[in-house]
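Asks: Pasting the sequence and the predicted coordinates here, then a few questions.
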Amino acid sequence: MKSTGSFDVALHRNLIGGSWVGSTFLPNINPSDLSQVVGEFATATADDAQAAIAAARAAFPGWSRSGILERSRILRDTAQEILRRKDEIGALLSREEGKTLSEGIAETIRAAQIFEFFSGEALRLAGEVLASVRPGVEVQVTREPLGVIGIITPWNFPIAIPAWKIAPALCYGNTVVVKPAEVAPGCTWTIVDILHRNGLPPGVLNLVMGKGSMVGQALLDSPDVDGVTFTGSVGTGRRVAEAGARHMRRSQIEMGGKNPLVVLDDADLGVAVEVALNGSFYSTGQRCTASSRLIVTDGIHDRFVAALADRMATLRVGHALEPETQIGPVVDAGQLEQDLDYIAIGKAEGARLVGGGDLIERPTRGHFLAPALFADCAPRMRIMREEIFGPVAGVIRVRDYDEALAVANGTEFGLSAGICTTSLKHAAHFRRNTEAGMVMVNLPTAGVDFHVPFGGRKASSFGPREQGRYAAEFFTTVKTSYQAAG
Ligand code: ADP
């Protein structure tokens, strides 16, 4: 423990080859209270990243042939410990990222469910046996682990995203080097600590915290990494893809979104307002699946905007750990500046700020921003084309369903899309014709199950889907073997 002012904060080291190492640390600051240090986290060097990759490589032969009962047991024990400690870990998540405590605990439970799911999947590793076109020959199709996996994660789901990458990687017999976002490394550190104590052999899972440009880049530059799974910005995603092509290795890349929520005249107004409120502003709008474009037909437009603005005015923005808080702070000063810049850009582009968008004072100094709603937006505006990643949404008025669908698809992104309607015909047409990886009817664009595929199209995603049984597409490689029956 190290003393900083009035309270003690723990030192959290990197895990390389089964040993906790590191001597330089960075403070993890609570965005609800900038005077509070959540913990001190080691910053790795490029050499540390190389050592971690070497440790993962050395551990691969053993782990890739380990028994499925051992893998399943470690993943299950990890799920159970996360669940047992959900209040403590959920509070850590809220302190380092700024989600409300209920959001933090819910995400922690989800991480436990993901480990539990892959604990079961470890026992269900299967292949196929087929007859050959050549009589007397047997064909087997099996899945083998890919090798050393580099995992690079963002801050906005600081426990769920590391969980949904680490759990399948280990389940299928890969070894791992994980690099969490520098803003919120605490939850990843906690998962790694739990897995380590639950008996993972040294080197199977390595943790290197620190700067993306140094530690993350070292993973991308290494010829000894067999696959990189990344979630983050479009710019970094592009680097991951380019490095993957250079090394001829597999990449799984999840990036941004500019997700549309269509509201038709025949929608249930109450449902549409709650769906928009949740999708646009919960988790402080910091979800890649957030609804940032609300595309609303003429007949319901004015009633929808008025009702949503009224509902937004009741939202309580504040300290993430206060029970009455519904919207926590923005994660850090850089993201807050980006949000405020886009609000200014929206006004300058001629959009009408219906409500919110101002900084809020609370008893503690934090990054508190009132969720902002723009009306009179045009599809060409920057606030309707570029991902803001904050509690900012805009309404585009359209004539009818056909125009709504065209506007919804008129984006470079394609992660999630939603529609609020009571028309079976329009719901079915939208599900069929929306250019997105995930589609929601009368549900928020954000908020997905953990056991089914997650991912998008166009500039939102690259490579195989994440989560559920589809995760095997990235984390395993297929072998076709032929044997003469003799
Ligand atoms: P965000 O805007 O969500 O922070 P980033 O793409 O910057 O998105 O960050 C996502 C993750 O990618 C973080 O863990 C970050 O440290 C890492 N990262 C940033 N730059 C690089 C890079 N050049 N190479 C590898 N990883 C990087």
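Replies: In hand now; what should we look at?
Asks: Sketch out the low-pLDDT regions of the protein for me.
Replies: For the chain, residues meeting the criterion pLDDT under 70 lie at 1-9.
Asks: which bits of it sit near the ligand?
Replies: Within the chain, the positions near the ligand by C-beta under 6 Å from any ligand atom are 152-154, 179, 181-182, 212-213, 216-217, 220, 232-233, 236, 239. Every residue, glycine included, has its C-beta placed from N, CA and C.
Asks: for those residues, which one is nearest residue 46?
Replies: Nearest to residue 46 out of the residues of the chain next to the ligand is residue 217 (C-beta to C-beta; 7.6 Å).
Asks: got the buried residues for stretch 79-97?
Replies: For stretch 79-97, a neighbour-count test (16 or more other C-beta atoms under 10 Å) marks 79-83, 85-86, 89-97 as buried.
Asks: Name the nearest of the residues you listed relative to residue 325.
Replies: The nearest one, if we look at those relative to residue 325 and count by C-beta to C-beta, is residue 94, at 9.3 Å.
Asks: Residue 370 contacts residue 358, doesn't it?
Replies: Yes: between residue 370 and residue 358 there is a contact under C-beta atoms under 8 Å: 5.4 Å.
Asks: okay, those two: which has more neighbours?
Replies: residue 370 (18 against 12; other C-beta atoms under 10 Å).
Asks: other SSEs contacting the longest helix along the chain?
Replies: Taking DSSP state H as the criterion, the chain has its longest helix at helix 101-121. The contact analysis (3 or more C-beta pairs under 8 Å, 6 or more residues apart in numbering; DSSP states H and E) places helix 101-121 against helix 68-84, helix 86-97, helix 160-171, helix 186-197.
Asks: Smallest gap between the stretch 301-450 of the chain and the ligand, at which residue?
Replies: Closest approach of the stretch 301-450 of the chain to the ligand (C-beta to the nearest ligand atom) occurs at residue 389, with a separation of 6.9 Å.
Asks: For that residue, which non-adjacent residue is spatially closest?
Replies: What sits nearest to residue 389 in space, not counting adjacent residues and going by C-beta to C-beta, 6 or more residues apart in numbering, is residue 286, at 5.8 Å.
Asks: if I look at that neighbour, how far off is residue 446?
Replies: 10 Å (C-beta to C-beta, to the nearest Å).
Asks: on that earlier part again, counting neighbours, what do you get for the residue nearest to residue 389?
Replies: So residue 286, with other C-beta under 10 Å, has 23 neighbours.
Asks: for it, what are its contacts?
Replies: 156, 330-331, 335, 389-391 (C-beta atoms under 8 Å, 6 or more residues apart in numbering).
Asks: ends of stretch 118-131, how far apart?
Replies: Across stretch 118-131, the terminal residues are separated by 30 Å (C-alpha to C-alpha, to the nearest Å).
Asks: so how far is it off the chain centroid?
Replies: When distances are taken as C-alpha atoms, centre = their mean, to the nearest Å, stretch 118-131 is centred 27 Å away from the chain's centroid.
Asks: what does that stretch rub up against?
Replies: 68-69, 71-73, 75-76, 79, 138-143, 167-168, 170-172, 469, 471-472.
Asks: List only buried entries from those residues.
Replies: 71-72, 75-76, 79, 143, 167-168, 170-172, 471-472.
Asks: Which stretches in the stretch 351-486 of the chain count as helices?
Replies: Assigned helices in the stretch 351-486 of the chain, in chain order: 382-385, 401-409, 424-433, 472-475 (criterion: DSSP state H, counting those that start in this stretch).
Asks: Out of those, which is the most enclosed?
Replies: helix 472-475 (a mean of 21; mean count of other C-beta atoms under 10 Å).
Asks: mind checking how far it is from the chain centre?
Replies: Here the centre of helix 472-475 is set off from its chain's centre by 18 Å, with C-alpha atoms, centre = their mean.
Asks: what's next to that helix, contact-wise?
Replies: By C-beta under 8 Å, 6+ apart, helix 472-475 touches 121, 143, 145-146, 149, 168-169, 171-172, 174, 227, 229, 250, 252, 463-466.
Asks: distance of residue 249 from the ligand?
Replies: 14 Å (C-beta to the nearest ligand atom, to the nearest Å).
Asks: Report how many residues lie close to that residue.
Replies: Neighbours around residue 249, by other C-beta under 10 Å: 20.
Asks: show me the contacts for it.
Replies: Applying C-beta under 8 Å, 6+ apart, the residues near residue 249 are 225-228.
Asks: Top of those residues by number of neighbours, please.
Replies: In terms of neighbours by other C-beta under 10 Å, the contacts of residue 249 top out with residue 228 at 28 neighbours.
Asks: Check which helix or strand it maps to.
Replies: Under the criterion of DSSP states H and E, residue 228 resides in strand 227-231.
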